[in-house]
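1. sequence plus the predicted model coming up.
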2 protein chains.
Amino acid sequence: MSVVINARIVAFAVHALAVVASVMLFVWSICYRGGFAWESTNKTLLIFNLHPVLTLTGLVILGGEAIISYKSLPFEKRVNKLIHLVFHAIAIILGILGIYAAFKHHNEKHVPNLYTIHSWVGIGVIVLYALQWLYSFIIYFFPGGSSTLRRDLLPWHIFLGVFVYVLAVGNSVLGFLEKLTFLEKSGLDKFGSEAFLVNFMAIITILFGTFVLLIVYSKSPPSVEEDNNYSYSPI
Amino acid sequence: MSVVINARIVAFAVHALAVVASVMLFVWSICYRGGFAWESTNKTLLIFNLHPVLTLTGLVILGGEAIISYKSLPFEKRVNKLIHLVFHAIAIILGILGIYAAFKHHNEKHVPNLYTIHSWVGIGVIVLYALQWLYSFIIYFFPGGSSTLRRDLLPWHIFLGVFVYVLAVGNSVLGFLEKLTFLEKSGLDKFGSEAFLVNFMAIITILFGTFVLLIVYSKSPPSVEEDNNYSYSPI
């Protein structure tokens, strides 16, 4: 049930959308929200701003690039697997730092933690992402399971990986909505440039995730398939 | 890359979660939000309440049951196909009525329309859902495309259908977050019973959608496969 596409061409759309999303995110954080800082007296603007940048570039963008590495990169399977697991590891570290920034911001501003569905899903995403990485590392990298186990587990590795990734993408959109709703309740123009920027960032994020999953559920046209010997398979 | 499960057993989890989500939704609407009405002087409580009930029971719950009908129901393919397309048609009608209720509520309360990402994605979902239904009806039901066209288009029918469905599920969660944020900004207790009810409804909705997609990306174990002759295929 795979769609027939040339994954290397769709991967260009993924990379392009990653650049667009990152630029929009930095424009928003720096031009509209006052930039970044780890320690600051201006809690709302500076410390909080690290949260969307770290989680989106980590879990969504780097995570997406990690997912498609088997089909988007012209290296041999061994190298692609290494890129796949290293990118995912960096994604998890950035995600943890991003979540820590949100807690730090809340604690320093005496705002309660963990009362929104965005925060609940966020905790779920980071825990499941780390578990997915850990069992996959053990089975597909070191020490490595038997070939039968690896083959039988692969559909579950993909389904659970896609599940966590869709949660991460969806949760980014939840985060954009939550932040924008707070800002609009504090007087931000509902049809102003910042509101449009944030909403379009959410749309770009959804498109990015969709193209990543299009590559996951694709197979190459026959002529391309004969040309290359790499496919989505960490076995 | 299909996971091996017994779809008929997972389908019970889907039906059970559908019941749980529906009950929670009605408890929220009636016990916490004052019930339903199409015409009312109490715009916020009564007209608006139709929106989540119609969209969630339509696009998400009935849509999910329509998606799994090929694998969850013990009928022959012809009957399952009819159930698949009729359930989806009812889902679209309920979705349109639900969206109309939101516009009616906004217009009567003089609240601006279409400024949130929830509303943008919602319009996208209903348009894409209807387009997906229409081209699929023409190709797989009446007048029907050639067998080659139907076979070649099936992976796209599934990918695009799953894409629209994930958007619908995700958008329900966006809606829950948006409504709850509005209520909390107006004084609702962030850790009160209503906040927990809405957040858990969002979790149940995500689980429901996940089990639906688990069935889509599954195949039966060999012994079960020999027993039945129905599979996910509108060809």
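-> Structure's in. What do you need?
2. quick one, strands of chain A?
-> Along chain A, counting by DSSP state E, strands occupy A:3-4, A:218-219.
3. mind listing what the residue positioned nearest the centre of chain A touches?
-> The geometric centre of chain A, computed from its C-alpha atoms, lies nearest to A:Val60 (Cα atoms, centre = their mean), at 1.1 Å. Applying Cβ atoms under 8 Å, 6 or more residues apart in numbering or on different chains, we find A:Val60 in contact with A:Ala21, A:Ala168, A:Val169, A:Ser172, A:Thr205, A:Phe208, A:Gly209. Yep, even glycine has a C-beta here, placed from its N, CA and C like the rest.
4. and those residues, which of them are in helices?
-> A:Ala21, A:Ala168, A:Val169, A:Ser172, A:Thr205, A:Phe208, A:Gly209 (DSSP state H).
5. pretty sure the fourth one contacts A:Val198?
-> By that I understand A:Ser172. No. With contact defined as Cβ atoms under 8 Å, A:Ser172 does not reach A:Val198; the gap is 11.2 Å.
6. in terms of neighbours, single out the busier of those two.
-> Each of A:Ser172 and A:Val198 has its neighbours counted (other Cβ atoms under 10 Å in any protein chain shown); A:Ser172 has more, 26 against 22.
7. tell me the pLDDT of A:Pro234.
-> pLDDT recorded at A:Pro234 is 64.
8. quick one on the thing from earlier: spit out the residues that contact A:Ser172 and A:Val198 alike.
-> With Cβ under 8 Å, 6+ apart, A:Ser172 and A:Val198 have no common neighbours.
9. rewinding a little: quick one: the residue nearest to the centre of chain A from chain B, how far?
-> 14 Å (Cβ to the nearest Cβ, to the nearest Å).
10. what's the answer for A:Pro155, then?
-> A:Pro155 is 4 Å from chain B, by Cβ to the nearest Cβ.
11. and the closest residue to that residue other than its chain neighbours, what is it in contact with?
-> Take A:Pro155 and drop its neighbours on the chain: the residue closest to it by Cβ to Cβ, 6 or more residues apart in numbering or on different chains is B:Val3, 4.4 Å away. For B:Val3, the contacting residues are A:Pro155, A:Trp156, A:Phe159, B:Leu214, B:Tyr217, B:Ser218, B:Lys219, by Cβ under 8 Å, 6+ apart.
12. count the residues that sit near the second one.
-> Going back to what we said before, that points to A:Trp156. 14.
13. next one, pLDDT for it please.
-> 97.
14. just to revisit the earlier point, farthest-apart pair in the contacts of A:Val60, please.
-> Across these, the longest distance by Cβ to Cβ is 13.3 Å; it joins A:Ala21 and A:Ala168.
15. more neighbours, these two?
-> A:Ala168 (27 against 24).
16. pLDDT score for that one?
-> So A:Ala168 comes in at 98 (pLDDT).
17. is it true that it touches A:Gly58?
-> No. Checked against Cβ under 8 Å, the pair A:Ala168 and A:Gly58 is beyond contact range at 9.2 Å.
18. who touches both of those two?
-> Counting by Cβ under 8 Å, 6+ apart, nothing touches both A:Ala168 and A:Gly58.
19. skipping adjacent residues, who's closest to A:Ile96 in space?
-> Nearest to A:Ile96 is A:Ile126, by Cβ to Cβ, 6+ apart, at 6.3 Å.
20. listing request: residues of chain A with sub-threshold pLDDT.
-> A:43-45, A:223-235 (pLDDT under 70).
21. please, where are all the helices along it?
-> A:7-27, A:50-55, A:63-72, A:77-109, A:117-140, A:147-185, A:193-216, A:222-227.
22. deepest of these, which one?
-> helix A:63-72 (a mean of 24; mean count of other Cβ atoms under 10 Å in any protein chain shown).
23. do it and chain B meet?
-> No. Helix A:63-72 does not reach chain B (Cβ under 8 Å from any Cβ of the partner chain); its nearest approach is 12.3 Å.
24. now that helix, how far from the centre of its chain.
-> Here helix A:63-72 is found 11 Å from its chain centre; the criterion is Cα atoms, centre = their mean, to the nearest Å.
25. let me see the residues that make contact with it.
-> With Cβ under 8 Å, 6+ apart as the criterion, helix A:63-72 contacts A:7-8, A:11, A:14-15, A:18, A:77, A:80-81, A:83-85, A:87-88, A:91, A:129, A:161, A:165, A:168, A:208-209, A:212, A:215-216, A:218, A:230-234.
26. next one: stretch A:80-99
-> In contact with stretch A:80-99 (Cβ under 8 Å, 6+ apart) are residues A:50-55, A:57-59, A:62-63, A:65-67, A:69-70, A:73, A:75, A:122-123, A:125-126, A:129-130, A:133, A:136-137, A:140-141, A:230, A:234.
27. same question, stretch A:31-48
-> A:29-30, A:49-50, A:53, A:101-102, A:104-105, A:108-109, A:194, A:197.
28. quote the end-to-end distance of it.
-> 15 Å (Cα to Cα, to the nearest Å).
29. show me which of the ones in helices among the contacts of A:Val60 neighbour chain B.
-> Okay, of those, nothing touches chain B (Cβ under 8 Å from any Cβ).
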